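Chemist: no FASTA, just this:
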Ligand SMILES: Cc1cc2nc3c(=O)[nH]c(=O)nc-3n(C[C@H](O)[C@H](O)[C@H](O)COP(=O)(O)OP(=O)(O)OC[C@H]3O[C@@H](n4cnc5c(N)ncnc54)[C@H](O)[C@@H]3O)c2cc1C
């Protein structure tokens, strides 16, 4: 069987990654792509790639509906582990930002301040609770978890094999698995106390990675729609020759361009951090999520009935857009955060500040 | 830089040069002075309605009119990206820029590119000094979207041309100095050939300006009658018969600038100050956030086109795309502001109050998606641009 997935250490993304059947066969399907000779394969960024390069690759992964945790690994988990000073495992990774977990120190007695262990120096944790809808958990070698311990924010890595896994999926059939942790001990070597900013950065990375995937899926909608309306003939002319079709198609193209511009504009601020990062990332995810409905609507409308079948690849893009717009914060969530950061006096300066 | 193979509509993300940051600070300081002076500021659609030659001249004294023109012609030689920063600051602040708007945006670049050396030496320094204001004489009663069908004729005389016809919707013709007029010089099979551009003195004999009032009652537009106006040879702009090429070449500049998404921005600022005095719901904030995200995204696209222009490219498809997105946003902003904070729009409320600004923006709103080529026509350009790839 052809596996259509990536190994993040292999220098290409599979170009013909459109067979979703592989998703359902479990973790072994999320294996390594060995066929790297596909004609339109693009190089995977090197480990020291810039954020802009990673975002570009993420758009490509979104465009090709690559069935693997690309952004989860490259844009979120790896940089966070590096920031926290933990080793970066090979292979696919995932993440969970999970304030709802119950966390105790495994050795409260070691603490000078009672059972909460605020000042304990052994950071071995005891975790109880469920991580909901973890992307690609069944395929990930490790899940990077950000949560709140008695001492404040912590980051730790979790081996998904040590949790009970309930498989789930989003509208596009991408794995979104629940991981149940019935008191699970995480050794101190896998735990780091982190500053609050890293928590915020994690949210930003997750949201921007998702927005980049969406930008790619939006491009795919444009490509497929333009190809379709130029090829399909009705009333003796290609669809694209009709004014009404042009009008809709142009709006689709514009909306996709908008998402892409917003994602690109956030690359530099993400590295710089601070309010500029918050503004640019919140704007990017707000725009990507807010545009998804219009992009999917027009692409499907112009495809006619063929577009709602599995015979046509359009669904690979639109079901992802519908899923990803909700994941890592939807447009309502991010729009609210964006608006909270501006006032009449700061709106224009915020719009025009870009490091 | 990332390769741009991914997108059929790849518009690079432009970084503004460091000099732009300093420039922005200077412009903001200038605008603070103007506010203190009481010059009307903070108004929507100020590039159409904010006519104040005094303001234009003070701006010119700073070197901020015709600033992309070369220094040998009195310009500041600073390029389109720096010009971009200046005009976006002016529009965001709702400054009265309409007097010099067309000379700065279109007439200047057009004379520089197509004009004779005499024309450059005569017009460009005056434009850059804020002392020479232009109108655009393109549209006619039966030539709107189908601009190439213009009927205004230019007939050869012994030492020049005689122009006859009526232009419509000519903004500012009653207060400006010159108009660039598109006229037919030669009959041809293909209506796109045989057109030429002329610089017409708006005080010349035979020029008759007849006001057309906007629905707000304002006088901005005119019917511009040319009853046998004699135009000397030296006022042919560019080559005889090249008019269409010249006009369409200007369009990327005309279409993608900050004026295509900032016309109603001051209304959003006004809304935010209103909200500061009230308790605000999450729903209201969410709508503000959605608008902000869209403004930010459109601005990045617009900047990308400006960077491409600055680099000498002609991103016509992308410019059309920005204009459609941007001008639709200008209208959406008005509707959204109205729904975030329901306010009775009142043109007679205190000038500058939210109710008055809302009324003004609303009365102007149908124009945003019409001027400079309608959005329906632009969308045709966008799809054609993509299919030709
Ligand atoms: C505020 C403002 C300022 C202006 N200033 C100037 C100026 O200074 N100088 C100047 O010369 N002109 C000016 N204009 C005129 C402007 O350029 C024209 O209004 C514009 O080109 C549209 O032409 P029209 O109004 O004749 O509409 P029409 O061309 O008659 O169009 C009417 C409607 O039909 C649609 N339509 C027409 N043809 C097609 C088609 N083939 N496919 C799909 N839809 C189509 C249009 O999109 C529009 O919705 C100004 C206009 C406005 C609103």
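Modeler: All right, it came through fine. Worth saying up front: this structure is predicted, and the values here are computed from it rather than measured.
Chemist: what's the pLDDT at the one residue in the stretch 101-250 of chain A that gets nearest to chain B?
Modeler: When distances are taken as CB to the nearest CB, the stretch 101-250 of chain A reaches nearest to chain B at residue A:250, 3.3 Å away. All C-beta atoms are positioned from the backbone trio N, CA, C, and that covers glycine. Looking at residue A:250, its pLDDT stands at 96.
Chemist: pull the longest helix from chain A.
Modeler: Across chain A, the longest stretch assigned as helix under DSSP state H is helix A:196-231.
Chemist: Buried ones in that helix, by neighbour count?
Modeler: Of the residues in helix A:196-231, those buried by neighbour count under the rule 16 or more other CB atoms under 10 Å in any protein chain shown are A:198-226, A:228-230.
Chemist: do the same with stretch B:179-195
Modeler: Of the residues in stretch B:179-195, those buried by neighbour count under the rule 16+ other CB under 10 Å are B:179, B:180, B:181, B:182, B:183, B:184, B:185, B:191, B:193, B:194, B:195.
Chemist: try stretch B:375-389
Modeler: B:375, B:378, B:379, B:380, B:381, B:382, B:383, B:385, B:386, B:387.
Chemist: Any part of the helix or strand containing the fifth one near chain A?
Modeler: Residue B:381 is located in helix B:375-387, with elements delineated by DSSP states H and E. Yes. Against chain A, helix B:375-387 shows contacts by CB under 8 Å from any CB of the partner chain at B:376, B:378, B:379, B:380, B:382, B:383, B:386, B:387.
Chemist: Nearest residue to the fifth one in space, ignoring adjacent ones along the chain?
Modeler: Excluding the flanking residues, the one nearest residue B:382 by CB to CB, 6 or more residues apart in numbering or on different chains is residue A:250, at 4.1 Å.
Chemist: Contacts only, for that neighbour.
Modeler: Going by CB atoms under 8 Å, 6 or more residues apart in numbering or on different chains, residue A:250 touches B:321, B:324, B:378, B:379, B:380, B:382, B:383.
Chemist: confidence score at the nearest residue to residue A:201 once chain neighbours are set aside?
Modeler: The spatially closest residue to residue A:201, leaving aside those adjacent along the chain, is residue A:273, at 6.6 Å (CB to CB, 6+ apart). Taken from the predicted model, the pLDDT recorded for residue A:273 is 93.
Chemist: ok, so what distance separates residue A:273 from residue A:99?
Modeler: Note on residue A:273: its distance to residue A:99, by CB to CB, to the nearest Å, is 21 Å.
Chemist: need the next SSE after the one helix or strand residue A:256 maps to, C-terminal direction.
Modeler: Counting by DSSP H and E, the element that carries residue A:256 is helix A:243-265. Scanning the chain past helix A:243-265 towards its C-terminal end, the next helix or strand to appear is helix A:267-272 (assignment: DSSP H and E).
Chemist: Show me what that next one is packed against.
Modeler: Counting contacts by 3 or more CB pairs under 8 Å, 6 or more residues apart in numbering or on different chains; DSSP states H and E, helix A:267-272 packs against helix A:51-63, helix A:196-231, helix A:274-303.
Chemist: Identify the residues contacting whichever residue of the stretch 101-250 of chain A sits closest to the ligand.
Modeler: Ranking the residues of the stretch 101-250 of chain A by distance to the ligand (CB to the nearest ligand atom) places residue A:243 first, at 5.0 Å. By CB under 8 Å, 6+ apart, residue A:243 lies in contact with B:376, B:380.
Chemist: If we use 6 Å, what do you get?
Modeler: With CB atoms under 6 Å, 6 or more residues apart in numbering or on different chains as the criterion, no residue contacts residue A:243.
Chemist: Enumerate every residue touching the residue sitting nearest the centre point of chain A.
Modeler: By CA atoms, centre = their mean, chain A has its centre lying nearest to residue A:210, at 3.4 Å. Counting by CB under 6 Å, 6+ apart, residue A:210 makes contact with A:324, A:327, A:328.
Chemist: Neighbour-wise, give me the winner out of those.
Modeler: Using other CB atoms under 10 Å in any protein chain shown as the contact criterion, the top neighbour count among the contacts of residue A:210 goes to residue A:324, which has 27 neighbours.
Chemist: tally of neighbours for the closest residue to residue A:197 other than its chain neighbours?
Modeler: Setting aside the residues directly before and after it, residue A:197 is nearest to residue A:273 in space (CB to CB, 6+ apart), at 6.8 Å. Residues near residue A:273, counting by other CB under 10 Å, number 15.
Chemist: now swap in residue B:85 and tell me
Modeler: For residue B:85, the tally of surrounding residues (other CB under 10 Å) stands at 27.
Chemist: same question, residue B:327
Modeler: One way to gauge burial is a neighbour count; for residue B:327, by other CB under 10 Å, it gives 27.
Chemist: In the helix or strand encompassing it, which residues are buried?
Modeler: Element membership for residue B:327, per DSSP H and E: helix B:316-340. Residues B:316-334, B:336-338, B:340 are the ones in helix B:316-340 that count as buried (16+ other CB under 10 Å).
Chemist: Does it reach chain A?
Modeler: Yes. Applying CB under 6 Å from any CB of the partner chain, one finds that helix B:316-340 is in contact with chain A at B:321, B:324, B:325.
Chemist: which of those lies closest to residue B:262?
Modeler: Sorting the residues of helix B:316-340 next to chain A by distance to residue B:262 puts residue B:325 at the head of the list, at 12.9 Å, by CB to CB.
Chemist: doesn't residue A:256 make contact with that closest one?
Modeler: No. Using CB atoms under 6 Å, residue B:325 is not in contact with residue A:256, being 11.0 Å away.
Chemist: quick revisit: how about a markdown table for the residues of helix B:375-387 next to chain A, with pLDDT and distance to the ligand added?
Modeler: As requested, the residues of helix B:375-387 next to chain A are arranged in a markdown table below (pLDDT from 0 to 100; distance: CB to the nearest ligand atom, whole Å):
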| residue | pLDDT | distance to the ligand |
| --- | --- | --- |
| B:376 | 94 | 3 |
| B:378 | 93 | 9 |
| B:379 | 93 | 8 |
| B:380 | 91 | 6 |
| B:382 | 89 | 13 |
| B:383 | 87 | 12 |
| B:386 | 76 | 17 |
| B:387 | 70 | 16 |
